[in-house]
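Engineer: Test case, fold it:
(2 chains, ligands or ions: 1)
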Amino acid sequence: MNPQQLEELEFRLLLEGVFEVYGYDFRDYAEASLRRRIRHWLAERRYPSLSAAQGEILRDRAVFTSFLQGLTVNVSEMFRDPRFFRALREQIVPFLRTWPFVRIWVAGCAGGEEAYSLAILLHEEGLLRRCRIYATDINEAILDRARNGIFALRDMQTYTRNYQLAGGSGEFADYYQARYDHALMLPALRDNILFSPHNLAADAEFGEMHLVLCRNVLIYFNPDLKERALRLFDTALTAGGFLCLGMKETLEFRSLAASYTEMVKGLRIYRKEYPD
Amino acid sequence: MNDLPAPPSPSLVVIGVSAGGFDALRRLLGGLPADFPLPVLIVQHLRAGSVALAETLQRFCAIRLKEADEGEPLAPATVYFAPADYHLLVERDSTLALSVDPPVRYARPAVDVLFESAADAFGPGVVGVVLTGANDDGSRGLRRIKAAGGTAIVQDPADAEAAQMPASALAAGAVDHVLPLADIAALLCTLAGCAAPQGSVP
Ligand SMILES: C[S@@+](CC[C@H](N)C(=O)[O-])C[C@H]1O[C@@H](n2cnc3c(N)ncnc32)[C@H](O)[C@@H]1O
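Structural biologist: A predicted model of the protein is given here:
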């Protein structure tokens, strides 16, 4: 076996072990970026090899927690892709209004950036009180951060610009309080958001959703796991509900494609059709 | 007979380019035939939101250019560009992958990310090319390509609009070819075993 095949074997064995011991299943993640993140974590923690780390990862939960942080990519932004949020506001909110109560699932919510963005948008549209936002992620540490609603102050400039480009009708600065180097989102925004752990690779769906956002998560999955996640969303969505993917993710070539229509060209907003 | 085994024929070309990239790519890609037998993957550093290069450059090129789609299978005679704000990687099953992992030393897409994934996936079948640029992205990746048995090509820094990226790649380790931009398309054709089109792009 050459060194590369050996490393390959080590990766496989470790992912098997992590699944057996902790129940977290990374075996169906897209390989290239996963491999890169594992190597990066190993280098940061100064392990000479994967095998050297394996025993500690499997025996010591604290080491595993750090490994999990290294594996999941929690990069996000408020109103990321402003054109998407603008389309949501202008073209999808009118449909949401027709439901007496609106249930929204943000899958892979990272630090809550999208959930807070949605809360702001729905508040400005006068809809927030009728909505419940279920924001889920596999990474519990990042969910704690999301619940606290604390973001880096230095990012607020970008978020403000995104908010304006997304058609924000107020002042973004009204939605947070600046404290030293961080921004604290107004607690009232959180009243209708429920942050909870959920693993798209293992758990069952949430029922009766009208809007599902799962953006920049499926790119990390292999085709089988993508299908699994999409089936979850499909089961969760009511007929006439909406599924939103990342700007470089598409339903094209997926089994769901036949029962969904792209609402806004290129912005990955799909509507689940009513049965005939 | 004790014939040497045939040298491994390359399976894909990966190119990294930054400052000065538009012109460099126009000339390099303009020199590839429409039926160039390999897929070509390109990372160019772009400001987020800048226009898609594939569309702007297509009219200068015979070979087909497109922006990489997530999960897309690699095809010969096609040039794939990393989309703005996403890393581009290649998987072992010859499909393309994108990620929003953090920028690597300020770059997303990063040349190193593409090159390292290509070295992992295709080892000796990779031809890596570092062109003009004003940073050191690509140096580590090119070293990895070499270490995995691939072929490393660097634009002669003296010939590059911005010398730092090629110079840094040369400083980082041994490479196979250092040559001016005007000669790179022909070299790629030779390596890929096809004829270069007649006439060069100004
Ligand atoms: C790149 S972030 C995307 C954040 C946000 N949706 C956006 O587009 O800005 C990907 C998120 O997916 C989460 N994730 C990864 N695997 C998951 C899984 N199996 N189930 C649920 N969430 C997962 C990660 O923890 C991370 O927070």
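
Engineer: Give me the sheet partners of the top strand by length along chain A and which way each runs.
Structural biologist: Counting residues, the longest strand found in chain A (DSSP state E) is strand A:237-245. Paired strands of strand A:237-245, with direction, are strand A:209-214 (parallel), strand A:269-272 (antiparallel) (DSSP bridges).

Engineer: Please spell out which residues along it are buried.
Structural biologist: A:237, A:241-245 (16 or more other Cβ atoms under 10 Å in any protein chain shown). Just so you know, the C-beta spots here come from the backbone N, C-alpha and C atoms, and that holds for glycine as well.

Engineer: which parts of chain A sit against chain B?
Structural biologist: For chain A, the residues in contact with chain B (Cβ under 8 Å from any Cβ of the partner chain) are A:4, A:30-33, A:35-37, A:73, A:75, A:216, A:219-220, A:223, A:226, A:246, A:248-250, A:253.

Engineer: please redo it, this time with the cut-off set to 7 Å
Structural biologist: Applying Cβ under 7 Å from any Cβ of the partner chain, we find that chain A lies next to chain B at A:4, A:30-33, A:35-37, A:73, A:75, A:216, A:219-220, A:223, A:248-249.

Engineer: And the buried ones among those residues, selectable in ChimeraX?
Structural biologist: Buried members of the residues of chain A next to chain B, defined by 16+ other Cβ under 10 Å, are picked up in ChimeraX with:
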select /A:30,31,32,33,35,36,37,73,75,216,219,220,248,249
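
Engineer: With respect to pLDDT, which of the residues of chain A next to chain B ranks lowest?
Structural biologist: In terms of pLDDT, the lowest of the residues of chain A next to chain B is A:Gln4, showing 78.

Engineer: Pick the most buried one from the strands paired with strand A:237-245.
Structural biologist: Mean neighbour count (mean count of other Cβ atoms under 10 Å in any protein chain shown) peaks for strand A:209-214 among the strands paired with strand A:237-245, with a mean of 24.

Engineer: and the helix or strand just after the longest strand of chain A, what other elements does it pack with?
Structural biologist: Where DSSP states H and E defines the elements, the next helix or strand beyond strand A:237-245 is strand A:260-264. In terms of contacts (3 or more Cβ pairs under 7 Å, 6 or more residues apart in numbering or on different chains; DSSP states H and E), strand A:260-264 is packed against strand A:269-272.

Engineer: now A:Asp25: how far from A:Leu245?
Structural biologist: According to Cβ to Cβ, to the nearest Å, A:Asp25 stands 22 Å off from A:Leu245.

Engineer: near chain A, which residues of chain B?
Structural biologist: Residues of chain B lying close to chain A (Cβ under 7 Å from any Cβ) are B:70-71, B:83, B:86, B:89-92, B:97-102, B:113, B:116-117, B:120-121, B:123.

Engineer: re earlier: wait, which of the strands paired with strand A:237-245 is closest to A:Phe79?
Structural biologist: Taking Cβ to Cβ, strand A:209-214 is the member of the strands paired with strand A:237-245 nearest to A:Phe79, at 12.4 Å.

Engineer: ok, of the residues of chain B next to chain A, which come out buried?
Structural biologist: Taking 16+ other Cβ under 10 Å as the criterion, what is buried in the residues of chain B next to chain A is B:70-71, B:83, B:86, B:89-91, B:97-101, B:113, B:116-117, B:120-121, B:123.

Engineer: Give me the buried positions along stretch A:221-234.
Structural biologist: For stretch A:221-234, the neighbour count (16+ other Cβ under 10 Å) marks A:221-222, A:225-227, A:229-230, A:232-234 as buried.

Engineer: if we can go back for a sec, using CSV, please lay out the strands paired with strand A:237-245 together with mean pLDDT and distance to B:Val43.
Structural biologist: Output for the strands paired with strand A:237-245, formatted as CSV (pLDDT from 0 to 100; distance: least, Cβ to Cβ, whole Å):
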stretch, mean pLDDT, distance to B:Val43
strand A:209-214, 98, 26
strand A:269-272, 97, 29
